[in-house]
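[1] Quick one: sequence and predicted model below, then my questions.
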Amino acid sequence: MSEQTSSETVDYKDTVFLPKTDFPMRAGLANKEPGILARWRDEKLYETLRKRRAGKEKFILHDGPPYANGDIHIGHALNKTLKDLVVRTQSLLGKDAPYVPGWDCHGLPIEWKIEEQYRKKKRNKDEVPASEFRAECRSYADNWVNVQREQFQRLGIMGEWDKPYLTMDYSAETTIVSELLKFAENGQLYRGAKPIMWSPVEKTALAEAEVEYEDVTSTQIDVAFEIIEAPNCPAIQELIAKGEKVHAVIWTTTPWTIPVNQALAFGADINYKIVRISSLSGCALNCVVASELVLGLQQRRAGISELPEGAVYEIGWPDAPSFKGSQLAGAMAKHPMADAFSSSLPFRGGTEGGDEPHAPDQIDSPHPNPSPEGEGLEHIPSINRDSELAEFFTRPRPFLDGSSFVTTDAGTGLVHMAPDHGEDDFDLCKANGLNPVFAVEADGVYRADWAWLPRGDARSGSVINKKFTAANGPICSDLRAAGALLSADDFKHSYPHSWRSKAKIIYRCTPQWFVPMDTPLPEHVRNDAEGVGSERAQGKGVNLSLRDVALDEIRNTVRFVPERGKRRLESMVEGRPDWVLSRQRAWGVPIALYVNRKSGDYLNDPAVNARIIAAFQAGGADAWFDADHQTLLGADHDLADYEVVNDILDVWFDSGCTHSFVLESGNWPDHQSPADLYLEGSDQHRGWFQSSLLESCGTRGRAPYKAVLTHGMTLDKTGRKMSKSLGNTLDPKKVINAQGADILRLWAASVDFTEDHRIGDEILKTVSDSYRKLRNTFRYMLGALADYDAANEATAYDDLPELERYILHRLAELDAGLKQAVNDFAFGKYVRAISDFVNDDLSAFFFDIRKDCLYCDVGPHMPHGTRTRCAYRTVVNILFEALTRYIAPVLVFTAEEIWMTRYPEGESVHLQEWPDVDSGWHNADLADKWQKLSTVRQTVNEAIEPLRREKTIRSSLEADIVYPLADLPVTPDEFAELCIIAGVSDGTEIAVTKTTHHKCGRCWRLIPDVPEDGALCSRCDSVLNG
RNA sequence: GGGCCGGUAGCUCAGUUGGUUAGAGCGCACCCCUGAUAAGGGUGAGGUCGGAGGUUCAAAUCCUCCUCGGCCCA
């Protein structure tokens, strides 16, 4: 007692309401999140949500399947988080938004891994039964599906994880093959030969997506083709008539294509010159070269990158005749190795169309340019003069018009054509009746019966073997011996490689299965489409092809976010070639067709197809490889008449079918087709977006999606691409284990994912900081709402003070903005809006102003607090309910933690729907007024600052302000409350002085009605004592 | 090599049809508070808008070139 009286002031701390909550300031997400996940699993949150939303408007996000191979990387984390944000925000809006994740399980990379394991164990893959090999691939994929499934769930991705879709499920494989058979039945399938990307190492065709470009050093050579005749080119004819030889010079970086050369191409508008170039042995050659490329040829021959201008004609021809490329039409040349064969063979002449035989005496005459070694053609070691195919080399090579692709950017302006090994070559030769010869076999070696450098010859080798194509390798040596090699040197350039083996790939003609882009679709497919405003609806399309329908869907039906995705997909579909479906591999869905040995047509019998599908249903794709094909063919067909196709399907066809077996199959009854949204990285324009579109348009006449959302790539902190070789990758698992999945999710939601974006330690630190700010404000609300008694405190809108109504106005604005952001999938805007609102409107403004009220407007004689305090807590409660729901799709774990703190016995926040925010809370007049007051508040703060710095006053509560009050729509008391100052008086100039009032011992305000420091103000007195 | 996209404060982002002194949040510095306390409040410093030209009374914004980065294609 005596001690109390000796104390000057009474400690009122216990009479003041302070926020209290068990919600910790420090998150400890990494430790806490797994527990929350376990709880969701136990409570079957996803299933409960499905039941709760059953019957509501649907929103179907169809998951693009990641490849089941390896741990997830940051790109997966971004992609899945964005999908989760879409699904959860749509669900929050009250829609039924199921999410079935899937995996892409077939394909080369897995096959490659199994083969790698075989190699380590010294097993030969070819000796392992296919079914065993496929089983191992299946088990490998299965393992990674499980690993990734855990990792995705740890990220907080909500979905039907117990029943994902796998492209290797028997039901999926069945659907894939039946989709293929739809193409077959519709006549939208053909077998053709085309040069396609081929990997001699993996011995398979590669999809464009399986190819990457890297710099390599190749051998560049200039090769002279002797011109036999050029009937439309007087300049050449004149020289030939004089008995001189004229050579067309071609440049190539793939010397190995010379043995399969079949023609030469010129540009009709290119100017050519006949220049005299000394051969290596000193004789002069008349060479046809594009005028502007003479210098480049000389440089290559000199082995230098720059040649002085004057040097050009040193061995040239001052008045070299020149002519337009079009004059080369009808000209003929000899293959450089032709003489090597004809020297011991009777001339056989052209084989392709009765060309006039050429004078044998010319061919038999001694070669004017013997090789420097002087050995001559007799000594070329790798010639099989007796070969039936020797004739290939003695045929004349026609000059063809290649104006569409022959340029004067590099080379000689003349291009040698090997239809087996180039798209331009193939197309141009095909148009001129020259067909591929399939000389290079699957492993990159010329076939055994080839006349030059055949398999089995000691000098032969794979065409991607550097030694084989080197300047001193067999090809160059032989060409040199034949006097046809003008230069051979290293050449650095970008060259395609297999993404798996990193080995060089080549273009190679092989028989493959194709889906044609430009063949008219059957009517029943075209008419399935219901494209609004489409060309089809306008009755334009009688002969619409797959390309037409796909473009129509892109242009007229599908929504693209961002918009530029439309143009990108469009240009790709416009320009793409026919779709190559086949792969010569084992781990995939077979192209289940029988080809008639006589006609070459595939069997198109619905009854057989039905048996095939039934077999797949029972045993998956293995059913084809292990099948009794005669049984599948039935009594109407004899297996002996048919070739069983053993190719498998491109994995892009697999994933292109996911819409069929996920959305339409009924295996996931809450799904429907078409999907509302496909959401993938921008690389999928060429991949899944396109394969799905083509598959669906080819079978259903419409796109499988209503909207396509693309995100950019995640780069490192400096904006460079992440790669293992650069060592700048960032492992999402590490972020999750160090900072928590919510931090990674907040990052994904914060960046502008429509563009390429960055991640790094500093960026994650910034994200953590804004997370902490959000977390603390929620913590404050939880504390402020401790013991909130709605029955006694809840205040009707009309009874709320203006400040509270202004905040509700701001909430209504936020609410509308967030809804818009959800519909635009603009998650960056979404979290920024929440963050700004929490920081500016709440923490620094509303909560700060009302702290006094919250703490002190309550006491024994006013247990529920003043009306202002009731109003305040009513609004804080509304804010809490709204903000917790808003943030829930982003901070899935934290929102649950917040929610469970408030409602320990309640159900998950993720079952809640979008908060009830009354649009009637919008109040423009109030907003004007309070935004103005907010500015005034800032002005006052600026005015106080100097005094605070010189320590005249400390807390703003000590400041008395002079302020021109006339045009302010508030009372002085309200003004003081707003600015958290002692008091205000009217005046023309803003001024700040230290107040002379005493400080209330309870609420610490310095106001006139406090008799002395430490005594109670009248408000505190009445609250405590009545 | 070709096509497309992008480069705004340390970080993440806004900047409408060209129009005052280019904004926000976070971070940073300093100050206050010590009753949201490993929190809260305040004030302030940071940008020649990738670079160089050009159009215009006026350019972050339109045009050209260059540069850096990314995606796709060859």
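    Noted; the coordinates are in hand.

[2] in stretch A:667-678, what's buried?
    A:667-668, A:671, A:673-678 (16 or more other CB atoms under 10 Å). No exception for glycine: its C-beta is placed from N, CA and C like everyone else's.

[3] Residue A:230: which of these is nearest?
    Residue A:230 has its nearest neighbour among those in residue A:678, at 56.0 Å by CB to CB.

[4] Contacts only, for that closest one.
    A:61-62, A:64, A:688-689, A:692, A:704-705, A:707-709 (CB atoms under 8 Å, 6 or more residues apart in numbering).

[5] May I ask which of those has the most neighbours?
    For the contacts of residue A:678, the largest neighbour count, defined by other CB atoms under 10 Å, is 29 neighbours, found at residue A:689.

[6] Assign that one to helix, strand or coil.
    helix (DSSP: H, G, I helix; E, B strand; the rest coil).

[7] same check, this time on residue A:163
    Going by three-state DSSP: residue A:163 is coil.

[8] Max pairwise distance over the buried residues of stretch A:667-678: which two?
    Farthest pair in the buried residues of stretch A:667-678 (CB to CB) is A:667 and A:677. Separation: 20.0 Å.

[9] report the longest strand in chain A, please.
    Identified as the longest strand of chain A according to DSSP state E is strand A:211-229.

[10] Go through it and flag the buried ones.
    Quick answer for strand A:211-229 (16+ other CB under 10 Å): A:216, A:218-229.

[11] Also stretch A:52-65?
    Buried, per 16+ other CB under 10 Å, within stretch A:52-65: A:52-53, A:59-65.

[12] I'd like these as a markdown table, with pLDDT, secondary structure and distance to residue A:870 appended.
    Listed next are the buried residues of stretch A:52-65 as a markdown table, based on pLDDT from 0 to 100; DSSP: H, G, I helix; E, B strand; the rest coil; distance: CB to CB, whole Å:
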| residue | pLDDT | secondary structure | distance to residue A:870 |
| --- | --- | --- | --- |
| A:52 | 96 | helix | 33 |
| A:53 | 96 | helix | 35 |
| A:59 | 97 | coil | 39 |
| A:60 | 97 | coil | 45 |
| A:61 | 96 | strand | 43 |
| A:62 | 96 | strand | 49 |
| A:63 | 96 | coil | 48 |
| A:64 | 94 | coil | 51 |
| A:65 | 94 | coil | 54 |
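
[13] Show the contacting residues for the residue in the stretch 501-650 of chain A positioned nearest to RNA strand B.
    Nearest residue of the stretch 501-650 of chain A to RNA strand B, counting by CB to the nearest atom of the strand: residue A:564, 5.3 Å away. Residue A:564 makes no contacts at all, as judged by CB under 8 Å, 6+ apart.

[14] pLDDT value on it, please?
    We have a pLDDT of 84 for residue A:564.

[15] what does residue A:140 give?
    Residue A:140 carries a pLDDT score of 96 in this model.

[16] Equivalent analysis for residue A:697, please.
    93.

[17] Next, count neighbours for it.
    Residue A:697, neighbours per other CB under 10 Å, totals 29.

[18] Look at the residue of the stretch 551-700 of chain A found nearest RNA strand B and give its secondary structure.
    Nearest residue of the stretch 551-700 of chain A to RNA strand B: residue A:683, at 3.5 Å (CB to the nearest atom of the strand). The local conformation at residue A:683, judged by three-state DSSP, is helix.

[19] Roughly how far does it sit from residue A:79?
    11 Å (CB to CB, to the nearest Å).

[20] now swap in residue A:711 and tell me
    7 Å.

[21] Enumerate the positions of the helix or strand hosting residue A:941 that are buried.
    Assigned by DSSP states H and E, residue A:941 falls within helix A:924-949. Neighbour-count burial for helix A:924-949, with 16+ other CB under 10 Å as criterion, is recorded at A:926-927, A:929-930, A:933, A:936-937, A:940, A:943-944, A:947-948.

[22] Noted, bye for now.
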